[in-house]
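[1] What shape does this take:
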Amino acid sequence: MQQAVDDLITLLDLEAIEVNLFRGISPDVDAQRVFGGQVAGQALVAATRTVTADRNVHSLHGYFLRPGDPKVPILYEVDRIRDGRAFTTRRVVAVQHGRAIFNLQASFHIREEGLEFEAPMPLDIPEPESLPTYRERWEPWADLLGDWYERDRPIDTRTIDWEPRDRVRPLPPHQNVWMRADGTLPDEQVLHDCILTYASDMTLLDTTLLPHAVGAVEHNVMMASLDHAMWFHRPFRADEWLFYAQDTPSSSGARGIARGSIYTRDGHLAVTVVQEGLIRVER
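    Below you'll find the predicted structure:
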């Protein structure tokens, strides 16, 4: 799957067309709208292109404003809000057809020493190599998934808690997933940050459906990310296994919220994620 990973790196390698202005494209796949993780990842790339190399992203907050059109490029306009002694702040607006489709604010911080604490990683977790791949898990539903099943996937995800057949009944409001880029990445931390931003949107919102006996592949469910927030605590490699512990504390008013903690394989909390999404079910 190295080619799929290389294609993802290319997808995130934006074209600089003017100072503070970048252009991104979407993969040539049959999709009605742009994947939210792609827009968030590309927006973070645009922000980092205007920040000095001694500063790494420590938090980002994004709002999905309109569905992205996968047939046309996306323009990313960067606003250099602040350059301080220790922190740098950037705002990025993604534009298509003359209208904003996504808004990102990201903060970057010089590495400093300070107090250390981290919530422990859950115990007794199966090793990722012992779990079925995405294609193995979803093979009985390949016809229903169509191109989504057949395409090469740059991110290898291994779900621990449930099987697709379980989705006909209410499930506990949490899921645990191993994930990694399915190939080798360069060493630049910024690329690992952007690829994890892309990957963090793949399974999180689906967690909100688990208590409701509703499957995301059903045709009567419409889901869309509304906002996405991440806090980067410690360095990590996106091409090594990361454990993604996800839960959902609430669904109401056609919206659901999900939280995620991303750990390195040796148990260090690397990233915290929170996302709210729109969930409409036609009864």
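
[2] Arg280 and Ala254 touch, don't they?
    Yes - contact criterion Cβ atoms under 8 Å: Arg280 and Ala254 qualify, at 5.5 Å. C-beta here means a position set from N, CA and C on the backbone, and glycine is covered the same way.

[3] where do the contact lists of the two overlap?
    With contacts defined as Cβ atoms under 8 Å, 6 or more residues apart in numbering, no residue is shared by Arg280 and Ala254.

[4] contacting residues around Glu150?
    Ala142.

[5] 10 Å - rerun?
    Glu150 sits next to 135, 142 when contact means Cβ atoms under 10 Å, 6 or more residues apart in numbering.

[6] could you pull out the helices for this protein?
    Counting by DSSP state H, the chain has helices at residues 2-12, 36-48, 134-138, 142-145, 147-150, 189-200.

[7] Could I get the CA-only coordinates of stretch 47-62 as PDB?
    Extracted C-alpha coordinates of stretch 47-62, given in PDB (Å, rounded to 0.1, in the frame of the first residue of the first chain):
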ATOM      1  CA  ALA A  47      -1.000  27.000   7.900                       C
ATOM      2  CA  THR A  48       2.400  25.200   8.500                       C
ATOM      3  CA  ARG A  49       3.800  26.600   5.200                       C
ATOM      4  CA  THR A  50       3.700  30.100   6.800                       C
ATOM      5  CA  VAL A  51       5.200  29.000  10.200                       C
ATOM      6  CA  THR A  52       8.900  28.700  11.100                       C
ATOM      7  CA  ALA A  53      10.300  25.200  11.400                       C
ATOM      8  CA  ASP A  54      11.000  25.500  15.200                       C
ATOM      9  CA  ARG A  55       7.200  25.600  16.000                       C
ATOM     10  CA  ASN A  56       4.900  22.600  15.900                       C
ATOM     11  CA  VAL A  57       1.100  22.600  15.900                       C
ATOM     12  CA  HIS A  58      -0.300  22.100  19.400                       C
ATOM     13  CA  SER A  59      -4.000  22.700  18.700                       C
ATOM     14  CA  LEU A  60      -6.400  23.300  15.900                       C
ATOM     15  CA  HIS A  61     -10.100  24.000  15.700                       C
ATOM     16  CA  GLY A  62     -12.000  23.700  12.400                       C
END
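
[8] buried stuff in it?
    Residues of stretch 47-62 classed as buried: 47-48, 50-51, 55-60, 62 (neighbour count, 16 or more other Cβ atoms under 10 Å).

[9] Show me the shaky parts of the chain.
    For the chain, the stretches with pLDDT under 70 are 30, 215-219, 283.
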